[in-house]
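>>> next input, structure requested:
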Amino acid sequence: MQFAGPKNQKAGSPGQAVFILKNLGDKTVSIEEWRMNEPDNLKVECQVWLPGQKEPDPDRWLSMDLPVKQPELRYHLDLRPGNQVRIIKNLDFVEALYITPGAERRYFIRASLNLTSVKCSSHPAALAITPAE
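Now for the predicted structure:
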């Protein structure tokens, strides 16, 4: 799975992150518990990227997710070799931010599947939030 952006977002505006889950193998991956509300299949975490920091701190990840809406409607997803699923997650904290003009706030962001049958997570990626115009 990989973070596909957008890598730059505006504070005070609705934030979104796009993640792509792609089958890189040579066999079909069957997921029995795929949720119909696709964003509910991901757990997103982030942390502030402090000045001078090269890598995320493994103990500072914060979940950005709310509880899954009930009822959870599910279906069987077959992901054939080379096929992918694009999942858009809302980042509500971006809209709640205020950033001083001329400044920028940077975050590490990552996602993992919120499933029990398949384990997969993204590498940490960079997310920059700039002031609203």
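>>> please enumerate the strands of the protein.
2-5, 8-10, 15-22, 29-35, 42-48, 62-63, 74-79, 84-91, 105-113, 125-130 (DSSP state E).
>>> now do the shortest one: which elements does it pack against?
Same thing as strand 62-63. Helices and strands touching strand 62-63, by 3 or more Cβ pairs under 8 Å, 6 or more residues apart in numbering; DSSP states H and E, are strand 42-48. Just so you know, the C-beta spots here come from the backbone N, C-alpha and C atoms, and that holds for glycine as well.
>>> ok so, going back, nearest to L97, of the strands of the chain?
strand 125-130 (5.9 Å; Cβ to Cβ).
>>> span of stretch 13-32 from start to end?
End-to-end span of stretch 13-32 (Cα to Cα, to the nearest Å): 35 Å.
>>> list the buried ones in it?
Neighbour-count burial for stretch 13-32 flags 15, 17, 19, 21, 23, 29, 31 (criterion: 16 or more other Cβ atoms under 10 Å).
>>> ok, V18 touching R86?
Yes: with contact defined as Cβ atoms under 8 Å, V18 counts as touching R86 (6.3 Å).
>>> got any residues that touch both of those two?
A4 (Cβ atoms under 8 Å, 6 or more residues apart in numbering).
>>> and P58, how far from D40?
Using Cβ to Cβ, to the nearest Å, P58 is found at 25 Å from D40.
>>> neighbour count winner among the two?
Higher neighbour count among P58 and D40: D40, with 21 against 7, using other Cβ atoms under 10 Å.
>>> what's the pLDDT at that one?
Listed pLDDT for D40 reads 91.
>>> cool, V18 as well?
97.
>>> mind listing what it touches?
3-6, 86-89.
>>> which one of those is nearest V118?
Of the contacts of V18, the one sitting nearest to V118 (Cβ to Cβ) turns out to be I87, at 13.5 Å.
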